[in-house]
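Participant: Here is my input; please provide its structure:
(chains A and B)
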Amino acid sequence: TQLLEQSPQFLSIQEGENLTVYCNSSSVFSSLQWYRQEPGEGPVLLVTVVTGGEVKKLKRLTFQFGDARKDSSLHITAAQPGDTGLYLCAAGSNYQLIWGAGTKLIIKP
Amino acid sequence: DTGVSQDPRHKITKRGQNVTFRCDPISEHNRLYWYRQTLGQGPEFLTYFQNEAQLEKSRLLSDRFSAERPKGSFSTLEIQRTEQGDSAMYLCASSFGQTANSYNSPLHFGNGTRLTVT
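Facilitator: Numbers count the residues shown, from 1 in each chain, chains lettered A, B, ... in the order given. Below you'll find the model as predicted:
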């Protein structure tokens, strides 16, 4: 069974701090997606990473795909209250995406 | 592009009743997915359509659940004889894919239907 494990499950930090969340698997994936979900809404795609070792930046968010394409990280610099949400990673398998359980991030003003 | 819309946003029903949810995907998208999500968890795959064909259904899905996409556009998800364990957020997503590995195409989600079974 392919699993995506996300850590930490929950993170609460002060505005302005940096943080990193992780998405790990024992399986190799051809690509991996990161989504952010706010309460009462569906997930919204942030980025797709495809190549091992790839780094993508989205303003203060930096995404990295592991060299072996088994894991990924999301680093947020100078976190802001607007970054609060559930961060989900998902990777392709057969006709569907395998989803992690998410990291719930709270940024306190 | 008005995005993926789901109706209703909230549904409260008594145990044993049937419920039906509707999803209108992005019009150019040929693939449509139904997911279920409980608090603090990621989306759980339920079923998947390419155009009007239902190509995959989760083994975890009981016979009480059925989904249709009759004309390859909107889709409905019906739950018969609801149970309290069915209480969850039901999410619909759509994407466009032509090749076998285009399951990696980004999913566009609706805002879900929150079902509460009392």
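
Participant: C-alpha only now, for contacts and for neighbours.
Facilitator: OK.

Participant: If we ignore the residues flanking it in sequence, what's nearest residue 20?
Facilitator: All of this is about chain A. Ranked by Cα to Cα, 6 or more residues apart in numbering or on different chains and with sequence neighbours excluded, the top spatial neighbour of A:T20 is A:H75, at 4.3 Å.

Participant: Actually, chain B is the one I wanted.
Facilitator: Counting by Cα to Cα, 6+ apart, the residue nearest B:T20 is B:E78, at 4.3 Å.

Participant: Also B:G42?
Facilitator: A:A101 (4.2 Å).

Participant: and that neighbour, which of the three is it?
Facilitator: coil (DSSP: H, G, I helix; E, B strand; the rest coil).

Participant: That one contacts B:T38, correct?
Facilitator: No - using Cα atoms under 8 Å, A:A101 is not in contact with B:T38; the gap is 10.0 Å.

Participant: so how far is A:A91 from the residue lying closest to B:P25 once chain neighbours are set aside?
Facilitator: Once flanking residues are discounted, B:P25 sits nearest to B:V4: 4.5 Å by Cα to Cα, 6+ apart. According to Cα to Cα, to the nearest Å, B:V4 and A:A91 sit 21 Å apart.

Participant: for A:Y35, same thing?
Facilitator: 11 Å.

Participant: that older thread, helix, strand, or coil at the residue nearest to A:T20?
Facilitator: strand.

Participant: so it makes contact with A:E17?
Facilitator: No - using Cα under 8 Å, A:H75 makes no contact with A:E17, being 10.9 Å away.

Participant: neighbour count winner among the two?
Facilitator: Taking other Cα atoms under 10 Å in any protein chain shown, A:H75 and A:E17 do not tie; A:H75 has more neighbours (17 against 12).

Participant: What distance do you get for the more buried one to A:F65?
Facilitator: 12 Å.

Participant: Can you list the residue ranges for helices in chain B?
Facilitator: Counting by DSSP state H, one finds no helices in chain B.

Participant: for chain A, same thing?
Facilitator: Counting by DSSP H, chain A contains no helices.

Participant: Could you list the low-pLDDT ranges of it?
Facilitator: When residues are selected by pLDDT under 70, those of chain A lie in A:1-2, A:93-96.

Participant: Centroid-nearest residue for chain B?
Facilitator: The C-alpha lying nearest the average C-alpha coordinate of chain B belongs to B:W34 (Cα atoms, centre = their mean; 2.5 Å).

Participant: ok, for that residue, nearest residue in space, not its chain neighbours?
Facilitator: B:C92 (4.6 Å).

Participant: count of residues packed around the one you found?
Facilitator: With other Cα under 10 Å as criterion, B:C92 counts 32.
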